[in-house]
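Q: After the sequence you'll find the predicted model.
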Amino acid sequence: MLRAYRYRAYPTRREKQILNRQMFLAKEVYNLLLEKGKGFYKKTGNPFTKYQMNCCIKELKEERPEFNEVYSQVLQNVADRISKAYGNFFRRVKERKAGKKVKAGFPRQKRYVSSLTYPQFGFLLGKKYADFSMIGRVPFVMDREPDGEVKTLTIKKEKSQDWHVTVAIFTGEVPFVPNNRPKVGLDLGITSYAVLSDGTKIDNQRVQDKALEKLNMLHRRLSRKTKGGRNRRKAAITLAGFSEHLANQRSDNLHKLSHNLVNSYSLIAYEKLNIAGMVSRHCLAKTIYDASWSAFLKMLCYKAESAGCRVAGVDPKDTSKTCSRCGKTKEMPLCERTYVCDSCGLVVDRDLNASMNILARATAGHAGSYASGEITSTSAEKAAASGLVEPGTICGKAAGNT
């Protein structure tokens, strides 16, 4: 398993000058290799391979000696980035021919390169400093000590002018040990961030909405500044810093939530939503982006195994329209937040009903799935106390599959 640890770095003024210089040279190499790759493809009809790019870098160093200021493996990583960009381009071309609606996205020239990666050698990682070949010793704050074999080291400059060191660690294979905790279904939403099938309701933090007034003010300040001026650059850095702060807040909330969930349940079932399709044609696109469902589900998936938890995705079709007790389906507009079954008389919160159906689909035919409609008294009391189910609806029987 590969894990990445990100630390805040504090290079000195001299080190910043060296890093900015090397990033500029890396950008020049990237653009030159890209142009040579285009010319090679026009002549031969074949893509420019990574081996040919590395040979070309040697020629570029002879033509322009300033490229020798950058560590050799860092420039090889630049060639690797172009190779991956070409590979992704040809993959998307094949997908378009197969009928998939994607943009081919041919690699374009870069205006800047914001990171330098040392893939194997040329660095030494300490607890307070990272030594980079051709750069020097860069101090950083190691708030978590990495456990495993260091594979790559990357130093990056953010738009807010902050610096970060990212360490990629290979931890090896870890045996899966189940935590023997309850199973749960999870329904993502906007009013509530998530509703679990045991009645737990997780509030939506709405990070961007709370800061929207200040964010709009910073955008207005930036738009008033003259293009190319020093004040515009300062305003852009201020805006980038505030946007990064919001992103860190959002990420912190999602990390805490995903950590608590994988340590509290042995199975977490969720809907395989087409999030890209939802934001492309939906009036709630900005709110969905702010919720960061995709990032949250990725966190759940990669944290689950080490916590002894499993994560399962199910088909989202009609999870909100199907009665979790009797299985009857009825049409339900989005504005209706309470599910009332015309067949069995079940009255339950719409999102809770969906989370119960999600869990039933993930655990159908397995012990503990409650697929026949039973529910534990603890779950029933918790769901009733949360206000998501009408009082008196659950009387020792399930308000649905949980």
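A: That came through, no problem.

Q: Now residue 40: closest residue in space, sequence neighbours ignored.
A: Computed as C-beta to C-beta, 6 or more residues apart in numbering, the closest residue to residue 40 that is not its neighbour in sequence is residue 48, at 4.7 Å. Glycine gets a C-beta too; all of them are placed from N, C-alpha and C.

Q: distance of that neighbour from residue 41?
A: 7 Å (C-beta to C-beta, to the nearest Å).

Q: which stretch of helix or strand covers the spatially most central residue of the chain?
A: Centrality entry for the chain: nearest residue to the mean C-alpha point is residue 295, 3.4 Å, by C-alpha atoms, centre = their mean. If you go by DSSP states H and E, residue 295 is part of helix 293-304.

Q: go on, residue 242?
A: Residue 242 belongs to helix 230-262 when assigned by DSSP H and E.

Q: Remind me what that helix packs against, helices and strands.
A: Here helix 230-262 touches helix 207-210, helix 212-224, helix 293-304, going by 3 or more C-beta pairs under 8 Å, 6 or more residues apart in numbering; DSSP states H and E.

Q: Could you figure out how far that helix is turned away from helix 212-224?
A: On the basis of axes from the mean of the first three to the mean of the last three C-alpha atoms, to 10 degrees, helix 230-262 is oriented at 150 degrees to helix 212-224.

Q: re the thing from before, could you tell me the model confidence score at the residue nearest to the centre of the chain?
A: Listed pLDDT for residue 295 reads 93.

Q: Looks like it contacts residue 254 (just checking).
A: Yes - using C-beta atoms under 8 Å, residue 295 is in contact with residue 254, at 6.0 Å.

Q: Identify the residues contacting residue 27.
A: 110, 111, 112, 113 (C-beta atoms under 8 Å, 6 or more residues apart in numbering).

Q: In terms of helices and strands, where is it?
A: Assigned by DSSP H and E, residue 27 belongs to helix 13-44.

Q: show me where pLDDT drops low in the protein?
A: 365-402 (pLDDT under 70).

Q: Can you pull the domain assignment for it?
A: Domain ranges of the chain: 2-170, 183-314, per automatic domain parsing.

Q: How many residues are close by residue 203?
A: 9 (other C-beta atoms under 10 Å).

Q: In contact with it, which residues are there?
A: By C-beta under 8 Å, 6+ apart, the neighbours of residue 203 are 192, 193.

Q: That one pairs with what?
A: For residue 203, the beta-bridge partners under DSSP bridges are residue 192.

Q: And stretch 36-55, how far out from the chain middle?
A: Stretch 36-55 has its C-alpha centroid displaced from the chain centroid by 33 Å (C-alpha atoms, centre = their mean, to the nearest Å).

Q: Number the chain from 42, please
A: All set: I'll call the first residue 42, so the last point we hit is now stretch 77-96.

Q: looking at it, residue 77 is touching residue 97, isn't it?
A: Yes - with contact defined as C-beta under 8 Å, residue 77 reaches residue 97; the gap is 5.8 Å.

Q: and the gap between residue 115 and residue 187?
A: Distance, residue 115 to residue 187, using C-beta to C-beta: 21 Å.

Q: So between these two, which is more surrounded?
A: Legend: neighbour count by other C-beta under 10 Å for residue 115 and residue 187, higher for residue 115 (24 against 16).

Q: May I have the secondary structure class of the closest residue to the more buried one other than its chain neighbours?
A: Closest residue to residue 115 apart from its sequence neighbours, by C-beta to C-beta, 6+ apart: residue 157 at 5.2 Å. Three-state call for residue 157 (DSSP: H, G, I helix; E, B strand; the rest coil): strand.

Q: Contacts only, for residue 157.
A: 60, 63, 64, 67, 111, 115, 118, 173, 176, 195, 196, 197.

Q: If we ignore the residues flanking it in sequence, what's nearest the fourth one?
A: With C-beta to C-beta, 6+ apart as the criterion, residue 67 has its nearest non-adjacent residue at 4.5 Å, and that residue is residue 154.

Q: what's the burial count for residue 280?
A: Neighbourhood size, residue 280 [other C-beta under 10 Å]: 18.

Q: That one reaches residue 260, doesn't it?
A: Yes - counting by C-beta under 8 Å, residue 280 does reach residue 260; the two are 6.7 Å apart.

Q: Report the buried residues of stretch 313-321.
A: 316, 320 (16 or more other C-beta atoms under 10 Å).

Q: CA-only coordinates of it in CSV, if you can.
A: Extracted in CSV, the C-alpha atoms of stretch 313-321 (Å, rounded to 0.1, in the frame of the first residue of the first chain):
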residue,chain,number,x,y,z
LYS,A,313,-22.6,4.7,-6.6
LEU,A,314,-23.8,8.2,-7.6
ASN,A,315,-23.0,9.7,-11.0
ILE,A,316,-21.7,12.9,-9.3
ALA,A,317,-20.2,14.3,-12.5
GLY,A,318,-23.5,14.0,-14.2
MET,A,319,-25.4,15.6,-11.2
VAL,A,320,-23.2,18.7,-11.2
SER,A,321,-23.3,19.2,-14.9
